[in-house]
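Participant: Show me the folded form of this:
(one chain, ligands or ions: 1)
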Amino acid sequence: NLRANCKLNNGVRMPYMGLGVYLSEEGEEVINAVKWALKAGYRSIDTAAIYKNEEGVGKAIQESEVPREEIFLTTKIWNADQGYQSTIDAFNKSLKKLNTDYVDLLLIHWPVKGKYVDTWKALEKIYHDGKARAIGVSNFLQHQLEDILKVADITPMVNQIEFHPELQQPALLEFCKANKIQVEAWAPMMQGKIFEVPEIKALAEKYGKSPAHIVLRWDVQMGVVTIPKSVKEHRIIENANIFDFELSDEDMLIIKGLDKNKRIGPDPDNFD
Ligand code: NAD
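Facilitator: This is a model prediction of the structure:
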């Protein structure tokens, strides 16, 4: 059930599964992907200013038959736009491109040193103005979250991080949980590499599911929101079929054992 959701620390509900649109091309490609997802029952879309496809996302939402208020729309403030006023300006540009007057979740894309605290203050202003129903961060490690918590009027509702069987970050997950920050997984399918992990392939066979289903189901059982990406209609439909089975405790432990603390993307302490 694609409407399965969690409650953020301000009471707003966020679907456990959404469509990611990183590297989905502006125009027809992203428009189709979002329309297919909405038709298949997805109610959450994850974009970002830097993906340069916000216009297509907005267009697809508008042209779909799903009312805007049923959709949980996320965008992010890019690194070059961080700082107080530049964040406000960048956000207004995103709103215009998305053709909406609010987003459901606004994230700081990466913790840019010396800037992310001011950026957070801008997100709080946007939240107070009613233009984002929830605000959060992405790619924040514990020490960066602590910097925010020290000055924050509002505790971030979400931390969207690279999270998959080979990068599980258990201490960061614990910290987020203790502080009521919902964790959201990016690259849940290891950007396609999950299909080559033998243990995941074996579990897929055992459950009569695909490797994608195994990891996406694992995310949800871990209490982590997940946003698999695809631009192909059959995969968008197929990836969502994770609500008709359950991984056993034993099999959850098998996946736990695959952690290599290995990133695909940049290190949040050293990314530019
Ligand atoms: P992903 O793990 O979702 O993998 C996507 C790739 O997997 C696709 O390009 C496709 O090649 C393959 N795939 C998808 N479904 C498949 C299927 N059923 N069978 C075979 N192959 C399949 O990787 P991602 O796109 O990097 O991450 C998901 C989303 O997370 C992004 O689209 C974006 O919205 C977000 N993201 C955020 C950040 C960040 O810094 N906050 C970084 C990267 C991605």
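Participant: Give the full set of residues in contact with the residue of the stretch 1-150 of the chain at minimum distance from the ligand.
Facilitator: Going by CB to the nearest ligand atom, the ligand is nearest to Gly20 of the stretch 1-150 of the chain, at 2.4 Å. For every residue, glycine as well, the C-beta is placed using N, CA and C. Counting by CB atoms under 8 Å, 6 or more residues apart in numbering, Gly20 touches Asp46, Trp186, Ile227, Pro228, Lys229.
Participant: Could you take these and lay them out as a markdown table, with extra columns for distance to Gln142?
Facilitator: Putting those into a markdown table (distance: CB to CB, whole Å) gives the following:
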| residue | distance to Gln142 |
| --- | --- |
| Asp46 | 23 |
| Trp186 | 18 |
| Ile227 | 22 |
| Pro228 | 26 |
| Lys229 | 27 |
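Participant: Now flag whichever of those is closest to Val117.
Facilitator: Set against Val117, the nearest of those by CB to CB is Trp186 (22.7 Å).
Participant: what about the closest one, how many residues close to it?
Facilitator: Other residues within reach of Trp186 by the criterion other CB atoms under 10 Å amount to 21.
Participant: Equivalent analysis for Asp219, please.
Facilitator: Going by other CB under 10 Å, the residues that sit close to Asp219 add up to 23.
Participant: Hmm, it is touching Ala185, no?
Facilitator: Yes. Assessed by CB atoms under 8 Å, Asp219 is found in contact with Ala185 at 5.2 Å.
Participant: Name the residues contacting each of the two.
Facilitator: Counting by CB under 8 Å, 6+ apart, the contacts common to Asp219 and Ala185 are Phe163, Val225, Thr226.
Participant: follow-up on the earlier one: the contacts of Gly20: which ones sit near the ligand?
Facilitator: Filtering those for proximity to the ligand by CB under 6 Å from any ligand atom leaves Asp46, Trp186, Ile227, Pro228, Lys229.
Participant: pLDDT at the third one, what is it?
Facilitator: As predicted, Ile227 sits at a pLDDT of 98.
Participant: Give me the three-state assignment for Leu203.
Facilitator: helix (DSSP: H, G, I helix; E, B strand; the rest coil).
Participant: one step back: ok, the shared contacts of Asp219 and Ala185 vs the ligand, which is closest?
Facilitator: Thr226 (8.3 Å).
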